[in-house]
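Peer 1: A structural model of the following input is requested.
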Amino acid sequence: MKKNLVEGALLVVAVLFVFLGNIRAAIITATVIPLAMLFTFTGMVSNKVSANLLSLGALDFGIIIDGAVVIVENCVRRLAHAQEHHGRTLTRSERFHEVFAAAKEARRPLLFGQIIIMIVYLPMFALTGVEGKMFTPMAFTVVAALIGAMILSVTFIPAAIALFIGEKVAEKENFIMVGAKRLYEPMLKVIMENKAVVLTFAAALIVVCGVVATRLGSEFVPSLNEGDIAI
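Peer 2: Numbers count the residues shown, from 1 in each chain. Prediction:
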C-alpha cells in the first residue's frame, strides 16, 4: 500500500507538470498530498481509526488536490496577466496582492465543491453493526483528508505561490491543452446550437442507466483473492 501511495503521488506530480507547464506550480500543488495525509493520519490516531485496505483505499489524490489545482491555476493566471500589464516583474507586495485576490476569487467554488463531496460520505457515519465497523473508517479517512486539503488550499497554497513561484510568471498552454481546445470548442458550438437534442439524449441515457441499474446483482462484500491465507 505504501508503494502504491508513493507511486500515485509521483504520477500526480508528473501530470500536474504536463498540464500546468510550471514545475514549481506542480510541486507546490503536490505538497498538499503529504500535508493532507499528515492531517488525516493525525485524526486517525486521535480517533483510533486503523489504517487498512478499506480506510485508505478510498483516498483519491485527484480529489485531494482538486482545490489546490484551482487555486494554483488562478494565481498563476492573475500573476501572468498582472506582469504583462505592468510590463515588468512584480514586486513582493504586488505578488501578494494578486495571489490574495486570486485565492479570494476561487475560494467559494472550491469550498462548495469540497463540502459537497464530504456530504456524500456523511450517511456512512450513521451505519451500525458490521457495516458501521467496515465503512465508517473509510468515511472518516476521506472526510479528514478533504478537510485538511481544503484548509491547505486556502492558506498554505496561496502563501507558497506568492513566495516560491518565482519572479517571472507566464501563462502558457502546452500542445495537449491546445489540442484539447481545438477538439472541444467546435464540439461545444454544435452542442449549444442543438440544446434540445442534447438534453433529450441525456434524459434518455439517464432512464436507460436507471433501468440497467435495477438489474444489477448485489453482494455485501466482494470476494478478494490477494494470495493471503487467514488462520
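
Peer 1: Against which helices or strands is the helix ranked longest in the chain packed?
Peer 2: Longest helix of the chain, by residue count under DSSP state H: helix 92-121. Secondary-structure packing of helix 92-121 (3 or more C-beta pairs under 8 Å, 6 or more residues apart in numbering; DSSP states H and E): helix 66-86, helix 129-154, helix 156-164. (Each C-beta comes from the backbone N, C-alpha and C, glycine too.)

Peer 1: For Met37, find the nearest of those.
Peer 2: helix 129-154 (7.0 Å; C-beta to C-beta).

Peer 1: Give the other helices and strands that that closest one contacts.
Peer 2: helix 32-46, helix 53-57, helix 61-64, helix 66-86, helix 92-121.

Peer 1: how about the spatially most central residue of the chain, what does it touch?
Peer 2: Of all residues in the chain, the one closest to the mean position by C-alpha atoms, centre = their mean is Asp66, 2.3 Å from it. Neighbouring residues of Asp66 by C-beta atoms under 8 Å, 6 or more residues apart in numbering: 113-114, 149.

Peer 1: Go again with 10 Å.
Peer 2: 32, 60, 110, 113-114, 117, 146, 149-150, 153 (C-beta atoms under 10 Å, 6 or more residues apart in numbering).

Peer 1: Point out the least confident one among those.
Peer 2: Least confident by pLDDT among the contacts of Asp66: that is Asp60, with 78.

Peer 1: Show me which positions of the longest helix of the chain end up buried.
Peer 2: Of the residues in helix 92-121, 95-96, 98-99, 102-103, 105-107, 110, 113-114, 117-118, 121 count as buried by neighbour count, 16 or more other C-beta atoms under 10 Å.

Peer 1: which one of the residues you listed is nearest Asn47?
Peer 2: Nearest to Asn47 out of the buried residues of helix 92-121 is Tyr121 (C-beta to C-beta; 15.0 Å).

Peer 1: Enumerate every residue touching Ile165.
Peer 2: So Ile165 contacts 22, 24-25, 28, 72, 75-76, 79, 95, 99 (C-beta under 10 Å, 6+ apart).
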